[in-house]
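> Prediction below, plus the sequence it came from.
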Amino acid sequence: MTTHPTGTREEWLAARIELLAGEKELTRRSDELARQRQALPWVRLDEEYAFETDEGSGSLADLFRGRAQLLVYHFMFGPDYTAGCPSCSAIADGFNGFAIHLANHDAMLWAVSRAPLDKLRAYKQRMGWSFPWASSHDSEFNFDFDVSLTEQQQRSGSEYNFRGQPPQPPEQAPTEGPRAAWAATTGTDWPTYARERPGMSAFALEDGVVYHTYSTYARGLDALWGMYQWLDRAPRGRNETRAEGDPLHFFRRHDEYDGD
């Protein structure tokens, strides 16, 4: 027997109509936030960031590929990783389908990571992805956008999600338990894994000048997770309740599930 409240169709309909009012208000608020994002001041970028792509070396302006807008997903795949972050991989599973739509709406979508291009190519082939993915291995791009940090920054503290982060000395990091097990899925330990962080950034190209227009991190990325939008409408939601010793997340890379 379910422990969830049950009711008649009439009771469900009344509750659903009440919820609909809240959903409509959220939609209107979301529309207003989108307008506020687009009204943010643009920041001119004069740094000559270098990237390695399947088409060769290029600059940030080259990633636009003739479009006026560029959307970058900061994918957690550090130089020492042997596989991409499972969370980033879950987000990226949706990129193939809508990258073509974005490109035909004057916006190029790229994933960017610090791992060498050969590692990115191999993982991309394993995952069956076709969206563009660039390596910023020899660039300060990730550091400037607060999605990578040095060991010294781990020790002294850094900035992420527009606020200061406390020091995380590597020698104090867990060597066992959920976080260590999660890091091991990328072939690293927790300090190495945590030197990369997820995020997304948007850029505009106008008269040959690149501008930074928007970035978001942490829970700001939730809306980009296709599976979360579906699970938020499922009866049990994201169903992420876990005990302290349980695995860090309920999901795996899409080729690591048992059966269907």
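Happy to help now that I have it.
> drop to CA atoms for contacts and neighbour counts, all remaining ones
Fine.
> Would you map the strands across this protein?
With strands called from DSSP state E, the chain shows them at 43-45, 50-53, 56-59, 69-74, 107-113, 133-135, 158-160, 163-165, 199-206, 209-217.
> so where's the stretch 101-250 of the chain uncertain?
Low-confidence regions of the stretch 101-250 of the chain, defined by pLDDT under 70, are absent; no residue qualifies.
> what's the burial count for the closest residue to residue 143 other than its chain neighbours?
In space, and not counting its chain neighbours, residue 143 is closest to residue 149: 6.1 Å by C-alpha to C-alpha, 6 or more residues apart in numbering. Look at residue 149: counted by other C-alpha atoms under 10 Å, it has 21 neighbours.
> Hmm, residue 149 is touching residue 141, no?
No - counting by C-alpha atoms under 8 Å, residue 149 stays clear of residue 141, with 11.2 Å between them.
> Give me whichever of the strands of the chain is most buried.
Using mean count of other C-alpha atoms under 10 Å, the stretch among the strands of the chain with the largest mean neighbour count is strand 133-135, at a mean of 26.
> Now do it: everything it contacts.
Outside strand 133-135, the residues within contact range by C-alpha atoms under 8 Å, 6 or more residues apart in numbering are 51-54, 110-117, 120.
> and what of stretch 162-171?
Here stretch 162-171 has contacts from 151, 153-159, 191, using C-alpha under 8 Å, 6+ apart.
> One more: stretch 218-232?
90-91, 94, 161, 198-200, 237-238.
> farthest-separated two in these?
Greatest spacing in the contacts of stretch 218-232, by C-alpha to C-alpha: 161 and 237 (25.5 Å).
> Neighbour count: those two, which is higher?
residue 161 (18 against 12).
> give me every residue that touches that one.
216-218.
> Out of those residues, flag the one nearest to residue 100.
Using C-alpha to C-alpha, these come closest to residue 100 at residue 216, 22.5 Å.
> Confirm for me that that closest one is in contact with residue 197.
No - contact criterion C-alpha under 8 Å: residue 216 and residue 197 do not qualify, at 11.3 Å.
> picking that back up, need the contacts of strand 133-135 in CSV with distance to residue 19, can you?
Formatted as CSV, the contacts of strand 133-135 follow (distance: C-alpha to C-alpha, whole Å):
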residue, distance to residue 19
51, 47
52, 48
53, 47
54, 48
110, 37
111, 36
112, 39
113, 40
114, 44
115, 45
116, 48
117, 47
120, 44
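> Go through those and say which is closest to residue 187.
The closest of these, once distances to residue 187 are taken by C-alpha to C-alpha, is residue 115, at 12.9 Å.
> The closest one reaches residue 83, doesn't it?
No - using C-alpha under 8 Å as the test, residue 115 is too far from residue 83 to be in contact (9.7 Å).
> what do these two both touch?
What both residue 115 and residue 83 touch, as defined by C-alpha under 8 Å, 6+ apart, is the set residue 77.
> name the helices or strands packed onto the longest helix seen in the chain?
In the chain, taking DSSP state H as the definition, the longest helix is helix 9-38. Judged by 3 or more C-alpha pairs under 8 Å, 6 or more residues apart in numbering; DSSP states H and E, helix 9-38 is in contact with no other helix or strand.
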